[in-house]
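Predicted coordinates and the sequence they were generated for:
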Amino acid sequence: MSTLNSNSPAQTRDDALVTVPLHRVAHGRAGDKGNRLNVSIMPYDPACFDLIAAQLSEARVLATYAHRGATSVKRYDLPRLPAMNFVIDDVLEGGVNGSLNLDGHGKSNSFILLGMSVSVPAKYVRTPA
């Protein structure tokens with residue numbers, strides 16, 4: 001029975017860091033309450049949770065939603081799921097009742113976060129169908 005040593009090409013490729021959009025290693029769900037957006041991120045592979053969490057700081061997420069007027073972000077980690085939840089304030093232009101925005105509910109706003117770049121080992125990256 002053969003085993004891969006640490007210098008084998010296959011293992012090197014799998015462990016090599018690649019930069020990809022977050023949606024290649026995780027999925028998300030979004031909801032809203034008034035002018036507050038709630039986005040949950042869950043990695044496809046639980047082993048990737050810590051790598052993703054280290055890169056999705058509150059400050060980075062706030063900067064990503066700055067163009068939408070976001071004023072604050074609070075992250076809640078749920079490592080046993082594994083998941084993280086971001087609560088983003090003042091991002092929905094007043095919310096469903098006060099906005100002329102087409103997506104006042106915020107459902108598609110998870111794609112803004114899922115479009116962020118993250119660096120992860122290649123073995124965690126899903127290839128598009």
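Done, it's in. Values in this document were obtained by computation on a predicted structure and should not be read as measured data.

Show the contacting residues for the residue lying closest to Thr71 once chain neighbours are set aside.
Leaving aside its chain neighbours, Thr71 sits nearest to Asp90 (4.3 Å; criterion: CB to CB, 6 or more residues apart in numbering). Bear in mind the C-beta positions are built from the backbone N, C-alpha and C, glycine included. Neighbouring residues of Asp90 by CB atoms under 8 Å, 6 or more residues apart in numbering: Asn35, Arg36, Gly69, Ala70, Thr71, Ser72.

Only the buried subset of those, as a PyMOL command please.
Restricted to buried positions by 16 or more other CB atoms under 10 Å, the PyMOL selection for those reads:
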select buried, resi 35+36+70
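
Nearest to Arg13 among the contacts of Asp90?
Nearest to Arg13 out of the contacts of Asp90 is Ala70 (CB to CB; 37.5 Å).

Could I get the contacting residues of the closest one?
By CB under 8 Å, 6+ apart, the residues touching Ala70 are Leu37, Leu62, Ile88, Asp89, Asp90, Val91.

what's the neighbour count on the closest residue to Thr64 other than its chain neighbours?
Leaving aside its sequence neighbours, Thr64 sits nearest to Met116 (CB to CB, 6+ apart; 5.8 Å). With neighbours defined by other CB atoms under 10 Å, the count for Met116 comes to 17.
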